[in-house]
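J.: Could you work out the structure for the sequence below:
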Amino acid sequence: MLTMRVLDSHTGGEPTRLVLDGGPALGRGPLAERVERFREHFDAYRTAIVNEPRGSDALVGALLVHPHRTDCKFGVIFFNNVGYLGMCGHGTIGLIASLRHTGDLAPGAISIDTPVGPVAASLSSDGKISVSNVVSYRSARDFPVDVPGIGRVIGDVAWGGNWFFLISQHDQIIDLQHVDTLTDFSWRVRAAINAQGHPLVDHIELFAPSNQPGTHSRNFVLCPGKAYDRSPCGTGTSAKLACLAADGKLPEGDAWIQESLIGSTFTGRYRWHDRAKGEIVPTITGNAHVTGETLLRLDPADPFCWGIRA
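T.: Numbering: from 1, shown residues only. Below you'll find the predicted structure:
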């Protein structure tokens, strides 16, 4: 019988499950190497942690590991129902809130090692958390995609720790009543853009005006496993900031308030990393709340011990 100690949290409605003890032993070395070890030799742990019957399609897992970089306090590997994530903004906020709950973090600055590079963060005394993400940038502007059954869709391709196709011009209604339609539209777009020159794009992000006073935009983000992001999406907001910066639509240091499909918000800002290359360092600010402390039991007599695997 194996057991894993986990803390569950949500960030703007999007759940994170932090594995504190009992996860796979990945050894030492750079996190990019360790995530490959996870993928190749221990993937059953991923499905046991986040897939049904213990988890759900929306759940993101976070494995707490020793950092490789000496300037980082913690290391983390993020994963979901279909694979592994380079970085996860909401998950990092959830990680910090969870470690505050355990008493392992006090307010102040924190450096976190991830498979795509170090991430700087800060925890304030009131619980607000800011994450300075990896360097983000746009790689293609106004890229046209011919989507079967829909027609031509135009958007930007950008990196914010994951690859996004960001669409502002569309005829979709972004609200909870239209989740199925939004999911179908976004899934078709993803298949088309993957086939038409951008195979690494695994997140589709749609934008519309927000009805909340002082909020700049409302979004719908379809994640790689076909679940929508309940939060405004930290890496997606980072990708959006990179596009706004490149277009000169948001000055360095100014706030961009991004609303999710369910009404939660992140505040994003950026500083230039390399203006000539269009590279920025985005900072995403939000809150997370711990929702549960659990001991997961992996019973070999259980036919779904390692999760329901597609």
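J.: doesn't A62 make contact with G94?
T.: Yes. Between G94 and A62 there is a contact under Cβ atoms under 8 Å: 7.1 Å. Using the backbone N, CA and C atoms, a C-beta is placed for each residue, glycine as well.
J.: Of those two, give the one with the bigger neighbour count.
T.: When G94 and A62 are compared for neighbours, G94 comes out ahead with 32 against 27, by other Cβ atoms under 10 Å.
J.: Quick check: the more buried one is in a helix.
T.: Yes. Looking at G94 with DSSP: H, G, I helix; E, B strand; the rest coil, it is inside a helix.
J.: Not counting its neighbours along the chain, what's nearest it?
T.: T16 (3.4 Å; Cβ to Cβ, 6 or more residues apart in numbering).
J.: burial count for N51?
T.: Other residues near N51 come to 23 when the count uses other Cβ under 10 Å.
J.: Spatially nearest residue to it (excluding sequence neighbours)?
T.: G307 (3.5 Å).
J.: which ones are touching the one you found?
T.: Going by Cβ atoms under 8 Å, 6 or more residues apart in numbering, G307 touches 44, 47-55.
J.: Quick one: buried ones out of those residues?
T.: With burial judged by 16 or more other Cβ atoms under 10 Å, the buried subset of those is 47-51, 54-55.
J.: how about a markdown table for the residues you listed, with distance to K249, secondary structure and pLDDT added?
T.: Output for those, formatted as a markdown table (distance: Cβ to Cβ, whole Å; DSSP: H, G, I helix; E, B strand; the rest coil; pLDDT from 0 to 100):
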| residue | distance to K249 | secondary structure | pLDDT |
| --- | --- | --- | --- |
| T47 | 41 | helix | 97 |
| A48 | 44 | helix | 97 |
| I49 | 39 | helix | 98 |
| V50 | 36 | helix | 97 |
| N51 | 40 | coil | 97 |
| R54 | 43 | coil | 96 |
| G55 | 38 | coil | 96 |
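J.: Just put the residues you listed in TSV and tack on distance to P148.
T.: Output for the buried ones among the contacts of G307, formatted as TSV (distance: Cβ to Cβ, whole Å):
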residue	distance to P148
T47	31
A48	36
I49	35
V50	31
N51	30
R54	36
G55	32
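J.: tell me which of those is nearest to L7?
T.: Among these, I49 lies closest to L7 (Cβ to Cβ), at 12.2 Å.
J.: distance of that closest one from S130?
T.: According to Cβ to Cβ, to the nearest Å, I49 stands 27 Å off from S130.
J.: With V119 instead?
T.: 11 Å.
J.: same check, this time on L18
T.: 19 Å.
J.: try T114
T.: Relative to S130, and taking Cβ to Cβ, T114 is found at 16 Å.
J.: go on, I93?
T.: The gap separating I93 from S130 is 9 Å, by Cβ to Cβ.
J.: cool, and D299?
T.: 41 Å.
J.: Between these two, which is the more surrounded one?
T.: In this view D299 and S130 are compared by other Cβ under 10 Å, and S130 has more residues nearby, 18 against 11.
J.: give me every residue that touches that one.
T.: Residues in contact with S130 (Cβ under 8 Å, 6+ apart) are 121-122, 124, 283-285.
J.: for whichever helix in the chain runs longest, packing partners?
T.: The longest helix of the chain (DSSP state H) is helix 179-195. When contacts are defined as 3 or more Cβ pairs under 8 Å, 6 or more residues apart in numbering; DSSP states H and E, helix 179-195 sits against strand 137-147, strand 151-159, strand 163-167, strand 203-208, strand 217-222.
J.: Okay, and the beta partners of V6?
T.: V19, T294 (DSSP bridges).
J.: where does it land on pLDDT?
T.: Reading off the confidence values, V6 has pLDDT 98.
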